[in-house]
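Colleague: Predicted model and sequence below, questions to follow.
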Amino acid sequence: MRSINLFISCFLLSIQTGYAKPTFQKDKLSFQIPTKNLDQLCLVAKSTLKYLNQGQKYDPKAIHSRLLNSYGVSLEDTKATLHSVCQPKLSGSVDQNFRALRWLPDKQHAQSFAEKKPLLQRLPQDKLLMTKYYVRKINAQLQASQSHSFALYGLPFDETSLSIQEASLQPTLTRYRYGKQKILSGFLHQQKLAPALVWVNRSDLEAALLQGTAVATLNQRNRIFNVHRNNNIAYDRTIKPEQQERYWYFREVSHIQGYGKDAGIKVNIIPQVTIAGDVYQLGLGKVMLLEYKLGQQTKRELVVMADTGGAFEDNLYQIDYLSGYYANWDEYYEANKHLPDYVKAWILVKK
């Protein structure tokens with residue numbers, strides 16, 4: 001009776017709006033738990049759990065389960081699920097171990113951004129849009145040159161000793177005063193307002209800003225740069241990345257990092273077991289099952305929502321799959337052209 005009532009409610013809602021609202025429907029999955037990359041999945045789960053254990057007061061925007069509370073998913077459920085995927089005896093069917101909530105996309109909201117975006121125009125009623133992102137392997141130099149005239153900047157000098165809480169109380173700081181286009185003119189370097197960590201070309205700069213992480217080989221060792229704090233200008237989904245005013249400052253890190261309120265603690269992430277999504281509505285750390293077709297084969301993977309981005313604010317129709325490490329778009333495309341644009345998706349909750 002409950003499932004019939006849920007169907008009727010969703011049907012009536014779709015008649016009223018013209019589209020299905022984002023819905024999480026209870027489902028039973030009799031197939032076996034996917035075992036691909038379980039060790040890597042566990043590492044991401046542990047790092048995410050460490051972040052969640054900072055407590056809701058530390059980061060109430062991401063450490064919660066607000067939207068899913070009405071579906072019986074609490075923050076403690078999220079923590080228990082992350083812990084469960086690291087258990088050596090994890091086996092059997094999905095239904096034996098987890099409750100499954102099928103995630104249906106917010107098509108109505110997606111259509112408001114669909115102009116000139118065929119992937120959104122073709123968004124199915126029952127699948128999420130799955131874009132892909134990657135760690136950019138960049139060609140960087142320690143000094144500026146004609147070919148490498150754009151910098152990955154560290155935090156401006158007037159903020160290096162401030163916590164993010166302290167910085168938020170000082171609206172005149174350099175970080176808040178300039179948009180991306182002004183920074184690209186070389187203004188920060190000319191005025192000696194921020195340190196240039198490395199110098200890159202425009203293509204690598206745009207990729208680093210978009211992907212959030214860049215890896216450069218300098219003096220025969222890999223150096224990883226991750227986004228640190230931004231200029232508080234919202235990402236505009238109606239214009240191209242090159243035209244944005246949102247800008248990120250970077251810092252050097254020891255691991256590939258995903259979501260985190262600030263540099264002090266961020267989630268360590270790994271390709272093929274990490275997705276980015278709307279953690280502000282769903283809460284960080286949801287374990288998800290993805291399903292898609294490759295030819296005649298049905299593929300299933302477990303992932304953790306351990307990252308987000310400007311494009312995922314108020315976005316319940318899309319996820320972003322961390323696919324790997326690539327030097328350019330051609331290399332990325334060749335490695336990922338077999339992956340679909342749309343996937344079935346379930347949020348899993350430990351029984």
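Modeller: Now that the structure is in, tell me what you want to look at. As the structure is a computational prediction, the values presented were derived from the model and not from experiment. Numbering: from 1, shown residues only.

Colleague: Rounded mean pLDDT for stretch 241-253, please.
Modeller: Mean pLDDT, stretch 241-253: 95.

Colleague: right, I mislabeled it, should have said stretch 336-347
Modeller: Stretch 336-347 shows a mean pLDDT of 96.

Colleague: Can you give me the pLDDT of residue 91?
Modeller: pLDDT at residue 91 comes out at 87.

Colleague: Now do the contacts for it.
Modeller: 32-33 (C-beta atoms under 8 Å, 6 or more residues apart in numbering). (Glycine included, C-beta is placed from N, CA and C.)

Colleague: let's see 10 Å
Modeller: Residue 91 makes contact with 32-33, 35, 97 under the criterion C-beta atoms under 10 Å, 6 or more residues apart in numbering.

Colleague: Show me which of the residues you listed is closest to residue 282.
Modeller: residue 97 (20.6 Å; C-beta to C-beta).

Colleague: and residue 215, what does it touch?
Modeller: Here residue 215 is in contact with 135-138, 140, 208, 222-225, 256, 325, 327 (criterion: C-beta under 10 Å, 6+ apart).

Colleague: which stretches of the protein aren't confidently modelled?
Modeller: Scanning the chain for pLDDT under 70 picks out 1-22.

Colleague: re the thing from before, let's see the ChimeraX selection covering just the buried ones among the contacts of residue 91.
Modeller: In ChimeraX syntax, the buried subset of the contacts of residue 91 is picked out as below (16 or more other C-beta atoms under 10 Å):
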select :33,97
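
Colleague: Out of the contacts of residue 91, the closest to residue 315 would be?
Modeller: Closest to residue 315, out of all of the contacts of residue 91 and judged by C-beta to C-beta, is residue 33, at 27.9 Å.

Colleague: Contact partners for the closest residue to that closest one other than its chain neighbours?
Modeller: Counting by C-beta to C-beta, 6 or more residues apart in numbering, residue 94 is the residue found nearest to residue 33 once chain neighbours are left out, at 5.6 Å. Contacts for residue 94 (C-beta under 10 Å, 6+ apart) come out as 27-34, 100, 289, 300, 302, 346, 348.

Colleague: Quick one, which of the residues you listed are buried?
Modeller: So, of the contacts of residue 94, 27, 29, 33-34, 100, 289, 300, 302, 346, 348 end up buried under the neighbour-count rule (16+ other C-beta under 10 Å).

Colleague: Where do the helices of the stretch 251-351 of the chain begin and end?
Modeller: Assigned by DSSP state H, counting those that start in this stretch, the stretch 251-351 of the chain shows helices spanning 279-282, 329-336.

Colleague: can you put those in JSON lines and add mean neighbour count?
Modeller: As requested, the helices of the stretch 251-351 of the chain are exported to JSON lines (neighbours: other C-beta atoms under 10 Å):
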{"stretch": "helix 279-282", "mean neighbour count": "21"}
{"stretch": "helix 329-336", "mean neighbour count": "13"}
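
Colleague: Check the gap between the residue nearest to residue 33 and residue 219 for me.
Modeller: 47 Å (C-beta to C-beta, to the nearest Å).

Colleague: do the same with residue 344
Modeller: For residue 344 relative to residue 219 (C-beta to C-beta), the value is 46 Å.

Colleague: And the contacts of residue 215, which is closest to residue 266?
Modeller: For these, the nearest to residue 266 is residue 256 (9.8 Å; C-beta to C-beta).

Colleague: Could you pull up the residues touching the residue nearest to the spatial centre of the chain?
Modeller: For the chain, residue 276 is the residue whose C-alpha lies nearest the centre (C-alpha atoms, centre = their mean; 2.1 Å). Counting by C-beta under 10 Å, 6+ apart, residue 276 makes contact with 131, 133, 212, 258-259, 269, 305-309, 311-312, 318-322.

Colleague: separation between it and residue 247?
Modeller: Residue 276 is 19 Å from residue 247, by C-beta to C-beta.

Colleague: ditto for residue 265
Modeller: 23 Å.

Colleague: Could you check which of those two has the larger neighbour count?
Modeller: residue 247 (21 against 14; other C-beta atoms under 10 Å).

Colleague: quick one: the strands in the stretch 101-250 of the chain?
Modeller: Counting by DSSP state E, counting those that start in this stretch, one finds strands in the stretch 101-250 of the chain at the ranges 128-138, 150-153, 196-200, 213-218, 221-230, 248-253.

Colleague: what angle separates the first one from strand 196-200?
Modeller: Using axes from the mean of the first three to the mean of the last three C-alpha atoms, to 10 degrees, the interaxial angle of strand 128-138 with respect to strand 196-200 works out to 100 degrees.

Colleague: hey, C-alpha coordinates of strand 128-138 in CSV?
Modeller: Output of strand 128-138 as CSV, limited to C-alpha atoms (Å, rounded to 0.1, in the frame of the first residue of the first chain):
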residue,chain,number,x,y,z
LEU,A,128,20.8,10.9,-13.4
LEU,A,129,23.1,12.8,-15.6
MET,A,130,26.6,11.5,-15.0
THR,A,131,29.3,13.9,-16.0
LYS,A,132,32.9,13.0,-15.4
TYR,A,133,35.8,14.9,-14.0
TYR,A,134,39.4,14.1,-13.6
VAL,A,135,42.8,15.1,-12.0
ARG,A,136,44.6,17.2,-14.5
LYS,A,137,48.2,16.4,-15.2
ILE,A,138,49.7,19.8,-15.9
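
Colleague: All set now, cheers.
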